[in-house]
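[1] here is my input; please provide its structure:
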Amino acid sequence: MFVILRKMVIKAGNEDKVIAKFSSEGLVEQREGFIDISILEEKTRKDEKEIVLLIRWESEDHWKAWEKSEAHIAGHKANLGKPKPDYILSSEAKKYHVQAIKKHRSAEKTPLIEEN
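    Purely as a prediction, here's the structure:
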């Protein structure tokens, strides 16, 4: 499994905009290898919120195929030249290869990702 962890610090009061953008239906969930997106929120200061996206893919190759896809590129081209929203104070992304997953012992015995 491959995970993208994207962290954004935003001005408080704008979290609904970010959450709506990443939780609404889009093209990514139609992509082969896409598993899911978890959206996390934490109040970091009185006037700021931290939003973290945990985006899970079956493999790095599946994620790369999405990044290079016409649909993904077209979405970025549509925003080319537009300023980023002023409520986004900072943003960073990191990529990880999942090495292990530990589940509650009562969880199903089947693996999260089926081996080929």
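
[2] skipping its backbone neighbours, what lies nearest Asp36 in space?
    Excluding the flanking residues, the one nearest Asp36 by C-beta to C-beta, 6 or more residues apart in numbering is Arg56, at 5.5 Å. All C-beta spots, glycine's among them, are computed from the backbone N, C-alpha and C.

[3] name the element the one you found belongs to?
    strand 48-57 (DSSP states H and E).

[4] quick check: what element follows that strand along the chain?
    Going down the chain from strand 48-57, the next helix or strand is helix 60-67, by DSSP H and E.

[5] for that next one, packing partners?
    Helices and strands touching helix 60-67, by 3 or more C-beta pairs under 8 Å, 6 or more residues apart in numbering; DSSP states H and E, are strand 2-11, strand 88-97.

[6] what are the buried residues along it?
    For helix 60-67, a neighbour-count test (16 or more other C-beta atoms under 10 Å) marks 60, 62-63, 66 as buried.

[7] repeat for stretch 33-51
    33-34, 37, 39, 48-51.

[8] give me the number of residues near Ser24?
    Ser24 has 7 neighbours, counted by other C-beta atoms under 10 Å.

[9] scratch that, Met8 is what I was asking about
    Met8, neighbours per other C-beta under 10 Å, totals 19.

[10] orientation of the helix or strand of the chain with the lowest mean pLDDT relative to helix 60-67 in degrees?
    Least confident helix or strand, the chain: helix 70-78 with a mean of 87, by mean pLDDT, DSSP states H and E. Using axes from the mean of the first three to the mean of the last three C-alpha atoms, to 10 degrees, the direction of helix 70-78 lies 50 degrees away from that of helix 60-67.

[11] how near is Glu41 to Gln99?
    Glu41 is 26 Å from Gln99, where distance means C-beta to C-beta, to the nearest Å.

[12] about what we covered before: tell me which of the helices and strands packed on helix 60-67 lies nearest to Ala107.
    Within these, the stretch nearest Ala107 is strand 2-11; the backing value is 19.1 Å (C-beta to C-beta).
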